[in-house]
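K.L.:
Sequence plus predicted model, see below.
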Amino acid sequence: MCDNPVRKIPGRIKEFREIMEISAIDLARDIDIPYETYSKYETGELDIPISVLYKISVRLGTDTTVLLTGEDPKMDTASVCRRGKGVLIERFPGYEYSSLAYNFKARNMEPLLVFLDPKKAPAPPVTHSGQEFNYVVEGTVRVIVGNREYTLNEGDSIYFDASLPHGQSAVSAPARFITIIQE
């Protein structure tokens, strides 16, 4: 794996798409995003939101891990992720994701450890299908869901409808939280 595997994601997507003989226009339509936006994802001009990576992997018939790492997940009964060994995903300014179950086949939820840097501007709110759970491990996290704002401290959690615009930010110091996304 290279020093920054995130830079290889757009190329992997393009390679899969071309092997499957799916045009970029068709893939954009199939995952319900404007072609102009999709094109910028595939060229690396824009960072690809994790929710879009899930949609692309479903449409391409592959596991998200393959797009993230270039390797197939190996485990089907249990997958252990040791401290600091998750697959790093830097998808938004101010967010650093670490995939904790990347090596488990056919996941139907995605557990991530998220690091928030209060010095960086928070990403704009996102939406995706399914539900999401956040559990604060360290620091204080501001969570916006729809028109409501919640302040969560270490040990607090929130479960919400991910189709509502949502986002998280560190309040004053770096913060870490576990998020579990089920789409």
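P.N.:
Nice, I can see it.
K.L.:
contacts for stretch 48-62?
P.N.:
Residues outside stretch 48-62 that contact it (C-beta atoms under 8 Å, 6 or more residues apart in numbering) are 9-10, 13, 16-17, 20, 22, 27, 30-33, 41, 63-64, 66-68, 89, 91-92, 97, 110, 112, 126-129, 162, 181, 183. Placement of C-beta: from N, CA and C, glycine included.
K.L.:
Distance from the chain centre to it, please.
P.N.:
Relative to its parent chain, stretch 48-62 has a centroid offset of 10 Å by C-alpha atoms, centre = their mean, to the nearest Å.
K.L.:
repeat for stretch 56-71
P.N.:
Taking C-alpha atoms, centre = their mean, one finds the center of stretch 56-71 at 12 Å from the center of the full chain.
K.L.:
cool, stretch 36-48 as well?
P.N.:
15 Å.
K.L.:
Flag every buried residue along that stretch.
P.N.:
Across stretch 36-48, burial judged by 16 or more other C-beta atoms under 10 Å covers 38, 41-42, 47-48.
K.L.:
Which stretches in the chain count as helices?
P.N.:
9-19, 24-30, 35-43, 50-60, 64-69 (DSSP state H).
K.L.:
nearest to residue 170, of those helices?
P.N.:
For these, the distance to residue 170 is smallest for helix 50-60, at 18.3 Å, taking C-beta to C-beta.
K.L.:
residue with max distance from the center of this protein?
P.N.:
What lies farthest from the middle of the chain is residue 21; by C-alpha atoms, centre = their mean that is 25.7 Å.
K.L.:
what's the spacing between that residue and residue 11?
P.N.:
According to C-beta to C-beta, to the nearest Å, residue 21 and residue 11 sit 17 Å apart.
K.L.:
same deal with residue 158?
P.N.:
Distance of residue 158 to residue 11, computed by C-beta to C-beta: 36 Å.
K.L.:
again, but for residue 172
P.N.:
According to C-beta to C-beta, residue 172 and residue 11 sit 38 Å apart.
K.L.:
Looking at those two, which is more packed in?
P.N.:
More crowded of residue 172 and residue 11, by other C-beta atoms under 10 Å: residue 11, with 13 against 9.
K.L.:
Quick check, pLDDT for the more buried one.
P.N.:
For residue 11, the pLDDT comes out at 91.
K.L.:
which residues touch it?
P.N.:
Applying C-beta under 8 Å, 6+ apart, no residues contact residue 11.
K.L.:
Return the helix or strand in this structure with minimum mean pLDDT.
P.N.:
strand 87-89 (a mean of 78; mean pLDDT, DSSP states H and E).
K.L.:
Show the secondary-structure elements that that one is packed against.
P.N.:
Packing contacts for strand 87-89, counted by 3 or more C-beta pairs under 8 Å, 6 or more residues apart in numbering; DSSP states H and E, involve helix 64-69, strand 95-99.
K.L.:
so what strands line up beside the shortest one?
P.N.:
When pairing is defined by DSSP bridges, strand 95-99 lines up against strand 87-89 (antiparallel), strand 110-116 (antiparallel).
K.L.:
Good, wrapping up.
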